[in-house]
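Student: show me the folded form of this:
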Amino acid sequence: MHLLFFIPQMENQICALFDMDGVIIDTEPQYDKFWKRTGDRYNVGIENFEKVIKSTTLHGILDKYFSDLTQEEVNQLIADLYRFEETMIFPEIQGAVRFVKSLKEKGIKVGLVTSSTDMKLIGVNREKHFDTLFDTVVSATRVKNGKPNPECYLLAAQDLGFAPENCIVFEDAFAGIEAATVAGMTVVGLATTHPAEVIKDKCLFTIPDFDGFTIDDFLKIERTNPQ
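Tutor: Modelled structure (predicted):
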């Protein structure tokens, strides 16, 4: 077991951690098409496969669903994914970047916790500059166990010097919500990938996007005890 150590913070001080796809950028419809095609091509045989793998790292997907492929087939699948990601566009979830910037203006630390590879982040950062927007970025490359394992969120908290109970997480997918919950963090659900009624019982509350969600709304969460 790895012990995580945290820098002591002032009472009631909190940080904000964000998943990327489906929370900050609206890329999920693009990924749905790719993974549906890929699942059909390799006869995965899982209904709504593209939904099942949400927030899972590429390594986790390959290990769990494509372990019967030859190395040549695995290499081809990875190459197909990288070519697809090179053509992606990165539309913003309504109000997301504005909201992150408003937190930073108030001195609140923000982290990005994504199952994406560093290869994908090169394109994202070139267009969106998330590497300078966020105080820390935890990608698939930095963790051994992807979501729903809490490792990624605990690592982000460690980077920023916060105990888990002082972290507010914004997530849209089941695996990510579970990861943050198991980590002991408070989760706000984004109803972008799944309808609000599907995820609302797994989160403190849900929002459709960040349009109209303000710094004052965020600070109210600090006084909410979900335990």
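
Student: Asp80 and Trp35 touch, don't they?
Tutor: No: between Asp80 and Trp35 there is no contact, the gap being 10.8 Å when judged by CB atoms under 8 Å. For the C-beta atoms, the positions are set from N, CA and C on the backbone; glycine is no exception.

Student: CA atoms of stretch 16-27 as CSV?
Tutor: What follows is stretch 16-27, C-alpha atoms only, in CSV (Å, rounded to 0.1, in the frame of the first residue of the first chain):
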residue,chain,number,x,y,z
ALA,A,16,-11.5,21.6,-7.6
LEU,A,17,-10.7,18.5,-9.7
PHE,A,18,-12.1,18.1,-13.2
ASP,A,19,-12.4,15.1,-15.6
MET,A,20,-11.7,16.3,-19.1
ASP,A,21,-13.8,14.6,-21.8
GLY,A,22,-17.5,15.3,-21.1
VAL,A,23,-16.7,17.8,-18.4
ILE,A,24,-14.3,20.4,-19.8
ILE,A,25,-14.5,19.5,-23.5
ASP,A,26,-17.3,17.8,-25.4
THR,A,27,-15.5,15.0,-27.2
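
Student: off-centre distance for that stretch?
Tutor: With CA atoms, centre = their mean, to the nearest Å as the basis, stretch 16-27 stands 6 Å off its chain's centre.

Student: quick one on the thing from earlier: between Asp80 and Trp35, who's got more neighbours?
Tutor: Shown here are Asp80 and Trp35; by other CB atoms under 10 Å, Trp35 has more neighbours (22 against 14).

Student: name the element the residue lying closest to the more buried one once chain neighbours are set aside belongs to?
Tutor: Residue nearest to Trp35 in three dimensions, not counting chain neighbours: Glu50, with 4.0 Å by CB to CB, 6 or more residues apart in numbering. The secondary structure element spanning Glu50 is helix 49-52 (assigned by DSSP states H and E).

Student: same deal with Glu72?
Tutor: Going by DSSP H and E, Glu72 is part of helix 71-86.

Student: with only the CA atoms kept, save the next helix-or-strand element following that helix in PDB.
Tutor: With elements assigned by DSSP H and E, the helix or strand that comes after helix 71-86 is helix 96-105. Backbone C-alpha positions of helix 96-105 (Å, rounded to 0.1, in the frame of the first residue of the first chain) are rendered in PDB as follows:
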ATOM      1  CA  ALA A  96     -16.300  25.200 -18.400                       C
ATOM      2  CA  VAL A  97     -13.100  27.200 -19.100                       C
ATOM      3  CA  ARG A  98     -14.700  30.400 -17.700                       C
ATOM      4  CA  PHE A  99     -15.600  28.600 -14.500                       C
ATOM      5  CA  VAL A 100     -12.100  27.200 -14.100                       C
ATOM      6  CA  LYS A 101     -10.600  30.600 -14.600                       C
ATOM      7  CA  SER A 102     -13.000  32.100 -12.100                       C
ATOM      8  CA  LEU A 103     -11.800  29.600  -9.500                       C
ATOM      9  CA  LYS A 104      -8.100  30.400 -10.200                       C
ATOM     10  CA  GLU A 105      -8.900  34.200  -9.900                       C
END
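
Student: show me what counts as buried in helix 96-105.
Tutor: Ala96, Val97, Phe99, Val100, Ser102, Leu103 (16 or more other CB atoms under 10 Å).
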